[in-house]
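A.B. asks: Sequence isn't available, so here's the structure alone:
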């Protein structure tokens, strides 16, 4: 009844666009990563250079530092969002007046453009204008200057990410909590388990697939954060918040060292895939476990 | 499980909401004040609305161009993505095609990759390879419209899959028996039934395209700059006119605030590739 040809025809425009603009750059970067190509060099053409770029890359201290920073940023941000999000999701499990209204407000940051998130946080933290430095100084005597102190800049970017993305964690965990079966909880209560025991032995294992899926999505997004950090700190002070996306965009890109930049891009992509694959493997093995038992 | 009294819950959520809204509120406060008023002790109350920041922004021809570019890019991208995704999802949902599930999964990998990784190859492709004579894809609106498909198409396909799968096959098969062709099945059966889901997908696609910054900043220079790049320029180029920057930022997030009411329930499903449904 349904002809295969029509099916492919319907799919064709999508595949064409994704192949040209998604797969195309990937293959391009794959090839240029093996070339020696600098637009400002004496010989501005691409020459095949084997794995030379990659050999340089693994000893590039700046790049490795930026990777390390990105991992730290992702870790602190996602861990805080998970704890806070779980707590807030639990609060949403009870019925109270205006619940829908509060939920809508809580969803708001998700729709704000990352660049505007960076702008709002910059307005909050700029010395002489923002209330954060003013009150930190007045009440606690803390000298808060994002442009001068590396650790302050780092934790402010983490805090900004928490503000921006905790709502997503709250709502995914809430969706997970709502769909959990009721019997194990009732049984645990009959057995006299306390609140912590119920959390540790019942809620956590049952919720684990949702938690892992949330972590998967959040880590993926945290690793590619660029816009808001660029707007807030510009990657500084020095290189304190120069996460890997920023590094490629602001440092490697303007140098027009295309071969080396391509290799770096590809390695970053590879590392992202490996990290996500590990999380995904953990997710799948979790899902399959109950069947084996 | 434990029972909290509603009063405690409400009190707590008022606190959370204040934290959520404060950065946005402060931005609005800054946007409504003159330069002189902003110095010294932070003042959270707007006594008189200083409209010059908004007037300056809205009457600036460069900013007007950026805003129009953003509107065109987001709207065209949303329309293109919705149509293409509808056709593709219908095909994946209804036709027996070899390897279609692999293709379906492959689409989402396009959205997973960090965009910064593709900046360099895309810049080179846009400035060198994708050109006809002296015309280049670089710094054109169509360049952005097509590029945004890479992250919006997978999103739209993954959200629409559930919606179209949920429409009984018998419905369109009955129509085909009556002699309807594929086009008629799509326009007379699928689209009317799936209309709410398609609308939400289109709205979120629009917002994602409107919000995008990194590609717009790299692949445009003069003609096709968007509002997000304009906002970033306030910091990097024109220095620190905080009031006007705040006004621009407020204008940037205005559409998101309008749309959040329309698509609120579906945002989470959208942002998690349809993995979490509410």
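C.D. replies: All right, it came through fine. Not measured: the values here are computed from a predicted model.
A.B. asks: can you pull out the strands in chain A?
C.D. replies: Remark: strands assigned in chain A by DSSP state E are A:35-36, A:47-48.
A.B. asks: Of those strands, which is nearest residue A:213?
C.D. replies: strand A:35-36 (38.9 Å; C-beta to C-beta). All C-beta spots, glycine's among them, are computed from the backbone N, C-alpha and C.
A.B. asks: Parallel or antiparallel, which strands does that closest one pair with?
C.D. replies: strand A:47-48 (antiparallel) (DSSP bridges).
A.B. asks: okay, the strands of chain A, which one's buried deepest?
C.D. replies: strand A:35-36 (a mean of 20; mean count of other C-beta atoms under 10 Å in any protein chain shown).
A.B. asks: what's in contact with that strand?
C.D. replies: For strand A:35-36, contacts defined as C-beta atoms under 8 Å, 6 or more residues apart in numbering or on different chains pick out A:46-49, A:52-53, A:258-259, A:262.
A.B. asks: Could I get the contacting residues of the closest residue to chain B within the stretch 1-150 of chain A?
C.D. replies: The stretch 1-150 of chain A approaches chain B most closely through residue A:7 (3.0 Å), counting by C-beta to the nearest C-beta. Neighbouring residues of residue A:7 by C-beta under 8 Å, 6+ apart: B:91, B:94-97, B:100.
A.B. asks: before we move on, what about residue B:211?
C.D. replies: So residue B:211 contacts A:111-116, B:228, B:256 (C-beta under 8 Å, 6+ apart).
A.B. asks: how about a cut-off of 7 Å?
C.D. replies: A:113-114, B:228 (C-beta atoms under 7 Å, 6 or more residues apart in numbering or on different chains).
A.B. asks: Next, residue B:35: phi, psi?
C.D. replies: With angles defined as degrees, to the nearest 10, residue B:35 sits at phi -60, psi -40.
A.B. asks: Assign a three-state SS to the nearest residue to it once chain neighbours are set aside, would you?
C.D. replies: Closest residue to residue B:35 apart from its sequence neighbours, by C-beta to C-beta, 6 or more residues apart in numbering or on different chains: residue B:243 at 6.2 Å. With DSSP: H, G, I helix; E, B strand; the rest coil as the basis, residue B:243 sits in helix.
A.B. asks: For residue B:243, grab the count of nearby residues.
C.D. replies: Residue B:243 is flanked by 24 other residues according to other C-beta atoms under 10 Å in any protein chain shown.
A.B. asks: For it, list the residues it contacts.
C.D. replies: Contacts of residue B:243 (C-beta under 7 Å, 6+ apart): B:30-31, B:33-35, B:38, B:53.
A.B. asks: mind checking how far it is from residue B:45?
C.D. replies: To residue B:45, residue B:243 is 16 Å away according to C-beta to C-beta, to the nearest Å.
A.B. asks: thought residue B:198 was touching residue B:82?
C.D. replies: Yes: using C-beta atoms under 7 Å, residue B:198 is in contact with residue B:82, at 6.3 Å.
A.B. asks: so what pLDDT did residue 180 get?
C.D. replies: Because you didn't say which chain, this covers chain A. In this model, residue A:180 is scored at 86, pLDDT.
A.B. asks: The chain in question should be chain B.
C.D. replies: Reading off the model, residue B:180 has pLDDT 86.
A.B. asks: for residue A:292, same thing?
C.D. replies: On pLDDT, residue A:292 comes in at 40.
A.B. asks: Worst mean pLDDT among the strands of chain A?
C.D. replies: strand A:47-48 (a mean of 78).
A.B. asks: now that strand: how far from the chain's centre is it?
C.D. replies: 35 Å (C-alpha atoms, centre = their mean, to the nearest Å).
A.B. asks: Can you select the buried ones from the contacts of residue B:243 in PyMOL?
C.D. replies: Entered in PyMOL, the line below selects the buried ones among those, by 16 or more other C-beta atoms under 10 Å in any protein chain shown:
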select buried, chain B and resi 30+31+33+38+53
